[in-house]
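Trainee: The following block contains a protein sequence and its predicted model.
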Amino acid sequence: DFMGLLSRAKRVAVVRLAGPIGLTSPLRPGLTLAGMAGILERAFTMKGAKAVALQINSPGGSPVQSTLLYKRIRLLAKTHKLPVYVFAEDAAASGGYLLALAGDEIYAEGSSIIGSIGVISAGFGFVELMRKLGIERRVYTSGDKKMTLDPFQPENPDDVARLKALQTDVHQQFIALVKKRRGEKIAAAGESLFTGEFWSGHKALELGLIDGIADLRSKMEEKFGPQVKLKLVEDKRGLFRKMPLFGAHLQPPLPSTEGISLTEDLLSALEARMLWQRFGR
């Protein structure tokens, strides 16, 4: 009967990994291991789960947090012996693609943005602006490299060279992980995959970066049957985070930090927006 079918339906735990990685502020939390650890644990320990599906929609961000999340997902998958299926939405780019590598199989939409296997650092220089405004900056340090890449100082070629060396190291780690996880699937594309370029889902399939064009519901029904139950695992604290007045009488914000918090949130929002705009989103 109908109830019997429901009781026998296979269950798949679904986790959303959406937004920039590691870019956090008081009002705009980004994707971090600390923020996602509990959700991932509940997904992989869900009673009766036959698999875990990750919905990824991220332009990237912190390589450290990307790697930490990847490692935790793979550890949980090994510990609980569950397959992991990844479904890219608008983008799984840069650190977002690194997250996608945690999947045993990766799927995307035809118009999804996939790839951007590279490392980027960006900033601004305010030297000329300070001169025009007649502003004198006073900084005192112990250690002659403490002001490396300071935006209020003229650019130093030695500092840039050190940054590029660091980027190369991180990039090589990213490349090694892609080769480890995708193996022979990307052999034909060769080193052209690692220039930082990004592609549509259809092209990414040709290059071997993903395993197919599919959405979560269709693919899970194909693998586990039409009665498969998709169970979204969310942050249980989400309700209270959406209620800024909850508990306000217990611990009101300090007036001296309000301006700082708003400034941090604005800068975080701008940085997140720039990440998305790199991919036309």
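Mentor: Arrived safely, thanks for sending.
Trainee: Glu41: what's it in contact with?
Mentor: Glu41 makes contact with Leu76, according to Cβ atoms under 8 Å, 6 or more residues apart in numbering. (C-beta placed from N, C-alpha, C; glycine too.)
Trainee: host element of it?
Mentor: Assigning secondary structure by DSSP states H and E places Glu41 in helix 33-44.
Trainee: for this structure, what helix or strand is lowest in average pLDDT?
Mentor: helix 238-241 (a mean of 47; mean pLDDT, DSSP states H and E).
Trainee: Strand partners (parallel or antiparallel) of whichever strand or helix holds Ile106?
Mentor: Under the assignment given by DSSP H and E, the secondary-structure element containing Ile106 is strand 105-108. Taking DSSP bridges as the criterion, strand 105-108 sits next to strand 84-93 (parallel), strand 212-213 (parallel) in its sheet.
Trainee: What's the mean pLDDT across that strand?
Mentor: The average pLDDT within strand 105-108 is 98.
Trainee: Which positions in the helix holding Glu41 come out as buried?
Mentor: Buried residues in helix 33-44, counted by 16 or more other Cβ atoms under 10 Å: 33, 36, 39-40, 42-44.
Trainee: Please identify which of these is nearest to Ala9.
Mentor: For those, the minimum distance to Ala9 (Cβ to Cβ) is 17.5 Å, reached by Ala43.
Trainee: In contact with that closest one, which residues are there?
Mentor: Contact analysis of Ala43 by Cβ under 8 Å, 6+ apart lists 13-15, 49, 52, 76, 233.
Trainee: Same check on Ala108?
Mentor: When the contact criterion is Cβ under 8 Å, 6+ apart, the partners of Ala108 are 87-88, 92, 114, 201, 204-205, 210, 213.
Trainee: how about those residues in a markdown table, adding neighbour count?
Mentor: Output for those, formatted as a markdown table (neighbours: other Cβ atoms under 10 Å):
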| residue | neighbour count |
| --- | --- |
| Phe87 | 27 |
| Ala88 | 28 |
| Ala92 | 36 |
| Ile114 | 27 |
| Gly201 | 21 |
| Ala204 | 26 |
| Leu205 | 20 |
| Ile210 | 30 |
| Ile213 | 17 |
